[in-house]
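> Got a predicted structure plus its sequence, pasted below:
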Amino acid sequence: MTELTIPAAVENLGQVLAFVDEQLAGCPPDILLQIDIAVEEIYVNIAHYAYPSGAGDATIRCAVSRTSPPEATIELVDGGIPYDPLSRKDPDITLDAEERQIGGLGIFMVKDMMDHVSYRREDGKNVLTMKKTLRSKA
């Protein structure tokens, strides 16, 4: 996997997305957009919440399999407070926006857009792994 380690700050989002897009060059535009939205959601959450007492780093890892069809694997890693965003109950999207509890919609969208999303705590770090098949659905 190719990786980028960068201070977890919202102003670095452009660099994160540029890195992912470079690794996924040639990916269908509709799939790349979904991946970019998912990466943005997770990275911004890391930037806002992982390090409540100060600054810290985020590592973005990216790989493309040589299978047919190819599959992208993207990992976002931080050394912040332990947090499994997948443990949160999905929001009830059948309710009106004013009736819903705040939070949880971003990770819900990530799980919907990606083919696979998993979380693990490894060596004192949060590791969120996302996978997406690099083939547009006709």
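Looks like it came in fine. Numbering: from 1, shown residues only.

> Could I get the average pLDDT for the longest helix belonging to the chain?
Longest helix in the chain, counting residues (DSSP state H): helix 29-45. Averaging the model's pLDDT scores along helix 29-45 yields 95.

> Kindly report the same for stretch 66-75.
On average, the pLDDT along stretch 66-75 is 92.

> Just the buried positions in it, please.
Buried residues in stretch 66-75, counted by 16 or more other Cβ atoms under 10 Å: 71-72, 74-75. Glycine gets a C-beta too; all of them are placed from N, C-alpha and C.

> which other helices and strands contact the longest helix of the chain?
For helix 29-45, the packing partners by 3 or more Cβ pairs under 8 Å, 6 or more residues apart in numbering; DSSP states H and E come out as helix 13-23, strand 57-64, strand 71-78, helix 105-113, strand 125-133.

> for the spatially closest residue to residue 62 that is not a sequence neighbour, what are its contacts?
Spatial nearest neighbour of residue 62, excluding adjacent residues (Cβ to Cβ, 6 or more residues apart in numbering): residue 23 at 4.0 Å. Shown here is residue 23, whose contacts under the criterion Cβ atoms under 8 Å, 6 or more residues apart in numbering are 2, 62-64, 72.

> ok, now residue 121?
With contacts taken as Cβ under 8 Å, 6+ apart, residue 121 has the following neighbours: 82, 84, 127.

> Could you turn the buried ones of the residues you listed into a PyMOL selection?
Written as a PyMOL command, the selection of buried residues from the contacts of residue 121, which uses 16+ other Cβ under 10 Å, is:
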select buried, resi 127
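
> In TSV, list the contacts of residue 121 along with pLDDT and distance to residue 33.
As requested, these are exported to TSV (pLDDT from 0 to 100; distance: Cβ to Cβ, whole Å):
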residue	pLDDT	distance to residue 33
82	96	31
84	93	26
127	98	24
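
> Closest one of the contacts of residue 121 to residue 45?
The shortest distance between residue 45 and any of the contacts of residue 121, using Cβ to Cβ, involves residue 84 and amounts to 12.1 Å.
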